[in-house]
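Asks: Just to be clear, the model below is a prediction. Sequence and coordinates:
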Amino acid sequence: MIRSVKLGAACAALALLAGCATSRLVSQQSNPDYVGKSFKTIMVVAVTSDDLLRRNYEDRIVGLLAKRGRKGIPAYAAVGTRGKVDEAQLRQAIERSGADGVLITRVTSVERSSGTVPGATVAVGIGVGAGWGGFYGFYSGVWQTVDLPPEQIIGPKWTASETRLFDARNGALAWTGVVDTRESDNFAAALTQYIDVIFDAMVNDRVL
């Protein structure tokens, strides 16, 4: 059974990726019109109210773009460090920057796997280890049992996020990818792997 966790706000949810370490690309799609036609300048937008995570993510994507000869612009530098901005402000920032592409990443859902392990009767197994109690000890051990009640198991948290690459000039969607990320505690490893999954997918699809 999977129980969905309601998000207070999508802009805050991206911060959950900071606690995740195993990311996998579950779907991707590129627009044939943009395959092999990379954008020259891309504004990178992380939709989150966590300013530290936002800067870290945007700066690292910008760095990877530079290695491929593309100019990247972190949204925090063009739009500002405050929270949500309206459409007009975002469009103006993109226009001022001269970007011809816009890369936006946001969280779409957070789920936690859970379930119930049914009760059972199991052997205590006293004296039945290898070399202990002889054959009778091995035999008699199965008669000594204990009843275990049902147990609720709470599994790991999974965060689903989507990254989209748009043509800034006409709003056309050039590429989209959805990533599932499993909860963990290593921030550095989590962010590195997540960014690599997203960036490598776009490179392989030839939209960067």
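Replies: All right, it came through fine.
Asks: neighbours of the nearest residue to Pro74 once chain neighbours are set aside, just the number please.
Replies: Closest residue to Pro74 in three dimensions, ignoring its sequence neighbours and counting by C-beta to C-beta, 6 or more residues apart in numbering: Glu58, at 3.7 Å. Any C-beta I mention is one placed from the backbone N, CA and C, and that applies to glycine too. A count of neighbours around Glu58, defined by other C-beta atoms under 10 Å, yields 24.
Asks: Sticking with Glu58, tell me its helix or strand.
Replies: Secondary structure assignment for Glu58, by DSSP states H and E: helix 51-67.
Asks: Gln193 now?
Replies: Once you assign secondary structure using DSSP H and E, Gln193 falls within helix 187-204.
Asks: Which elements pack onto the helix holding Glu58?
Replies: strand 41-46, strand 71-74, helix 75-78, helix 187-204 (3 or more C-beta pairs under 8 Å, 6 or more residues apart in numbering; DSSP states H and E).
Asks: buried ones in it?
Replies: Of the residues in helix 51-67, those buried by neighbour count under the rule 16 or more other C-beta atoms under 10 Å are Leu53, Arg54, Arg55, Asn56, Tyr57, Glu58, Arg60, Ile61, Val62, Leu64, Leu65.
Asks: again with stretch 169-183
Replies: Of the residues in stretch 169-183, those with enough neighbours to count as buried (16+ other C-beta under 10 Å) are Ala174, Trp175, Gly177, Val178, Val179, Asp180, Thr181, Arg182, Glu183.
Asks: is the fourth one in a bridge, and if so with what?
Replies: What it means is Val178. In this structure, Val178 bridges to Ser27, Glu162 when assessed by DSSP bridges.
Asks: I'd say it and Gln29 touch.
Replies: No - look at Val178 against Gln29 with C-beta atoms under 8 Å: they stay out of range, at 9.4 Å.
Asks: Confidence-wise, which helix or strand of this structure is lowest on average?
Replies: strand 2-5 (a mean of 36; mean pLDDT, DSSP states H and E).
Asks: List the buried residues in the strand or helix carrying Gln92.
Replies: Counting by DSSP H and E, the secondary-structure element that holds Gln92 is helix 87-97. Across helix 87-97, burial judged by 16+ other C-beta under 10 Å covers Leu90, Ala93, Ile94, Ser97.
Asks: returning to that earlier point: format the buried residues of helix 51-67 as a markdown table; extra columns: pLDDT and distance to Arg164.
Replies: As requested, the buried residues of helix 51-67 are exported to a markdown table (pLDDT from 0 to 100; distance: C-beta to C-beta, whole Å):
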| residue | pLDDT | distance to Arg164 |
| --- | --- | --- |
| Leu53 | 86 | 19 |
| Arg54 | 89 | 17 |
| Arg55 | 92 | 20 |
| Asn56 | 92 | 20 |
| Tyr57 | 93 | 15 |
| Glu58 | 95 | 15 |
| Arg60 | 95 | 18 |
| Ile61 | 96 | 13 |
| Val62 | 97 | 17 |
| Leu64 | 96 | 17 |
| Leu65 | 96 | 16 |
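Asks: Done for today, thanks.
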